[in-house]
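>>> generate a structure from the sequence data that follows.
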Amino acid sequence: MEQMIQMFQKLNKLNNQTENPTSVKISEKLIYHNYTKWCKLMHVAIGGRGRLSHITVVPPPPSDPNYVQWEQRDAMVISWIIENIDGEIVNQFLDYTTAQSLWLGFERLLGYGRDELQIFDLSSKAATMKQGNDTIETYYGKLNMLWKDIDRRMPNPMTCSQDITEFNRYIQRQRLYQFLNGIHDNIDKERREILNSVPLPMVEIAYATIKREITRRRIMNGLSSLGTNPSDIGSGLATRNKAFQKSREEDDRSKLRCTHCGGSRHIRKDASRLWDTLSGGTIYRNSGPPPRHRQAGPAARPT
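Next up is the predicted model:
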């Protein structure tokens, strides 16, 4: 029983540490040009600790009976945010009294007024990007990074669930066009097949289809994904099979013995097919059954 109590106490202590950590650190500190990425990372970090309402919901009034407790938690959220701001700009954000007002301050100073130009630049790059010398994986990865940057700066503006779905379909269709427009022309057949599909596939599915076709062509053309020529693989297997078959034949003949000459590895009826026989340093062809080999002298000749 005591062990159970101790275990629950440890779990409770661990949960308190998780819900109220003294510090939160993300991979990047806020500077002028990384606001969108930093905002996303910080949003996830705060939400993962159950304090997302402190930056998204209007603070309770001071007359609220739980205001003191809320204020303590809000101060902790502010400290999480402040410690993830670069030292060169942190002084601009020290006068905010709540986490929500601080979050809105970031949005006013670093969000609006800069994003339209960035969205234009990112959209132009995505619309004109070509595969070029890149692999299909690299090309799609670059496009996907641009799309994510655009989404962070220009989220779905719809509020109705049906409108949100229709807007996402529209964006998916535009990105499918961008992806197919940039791939090499030797994939034109597969590109036309995708565009003729009803309904149009998502861009991720189109990418997977194109990637499979390119991989198939590499294999058929002798360029396997492992960098080994498939014909070499086939030749190696054929050579191993021949060697194995020859080894089995030799094992099978090792038990044979000729009743005519007393030799091994053949029988009497095969004697007429024996190849050139070496005798006394001279090679001659024996057209008939070989004679019994004499045991005396190196220059022994057939009788």
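>>> tell me which other helices or strands the helix or strand hosting Gln172 touches.
Using DSSP states H and E, Gln172 maps to helix 161-182. Using 3 or more C-beta pairs under 8 Å, 6 or more residues apart in numbering; DSSP states H and E as the contact test, the elements touching helix 161-182 are helix 115-128, helix 136-153, helix 188-195, helix 203-220. Glycine gets a C-beta too; all of them are placed from N, C-alpha and C.
>>> so which residues of this structure form strands?
Under the criterion DSSP state E, the chain contains strands at 277-279, 282-284.
>>> isn't Trp70 up against Pro61?
No. At 10.4 Å, Trp70 and Pro61 do not qualify as touching, with contact defined as C-beta atoms under 8 Å.
>>> between the two, point out the one with more neighbours.
Trp70 (16 against 7; other C-beta atoms under 10 Å).
>>> just the pLDDT for that one.
Per-residue pLDDT puts Trp70 at 94.
>>> what's the nearest residue to it if we skip its chain neighbours?
Pro60 (5.8 Å; C-beta to C-beta, 6 or more residues apart in numbering).
>>> and the one you found, what does it touch?
66-67, 70 (C-beta atoms under 8 Å, 6 or more residues apart in numbering).
>>> need the per-residue pLDDT for it.
92.
>>> against Ile85, how distant is it?
26 Å (C-beta to C-beta, to the nearest Å).
>>> what about Leu195, how many residues close to it?
For Leu195, using other C-beta under 10 Å, the count is 13.
>>> how close does it get to Tyr32?
Note on Leu195: its distance to Tyr32, by C-beta to C-beta, is 41 Å.
>>> and if you look at Ile89?
According to C-beta to C-beta, Ile89 and Tyr32 sit 7 Å apart.
>>> between these two, who's got more neighbours?
Using other C-beta under 10 Å, the more surrounded residue of Ile89 and Tyr32 is Ile89, with 14 against 11.
>>> wait, that one touches Asn34, no?
No. Ile89 lies out of contact with Asn34 (C-beta under 8 Å); the separation is 11.3 Å.
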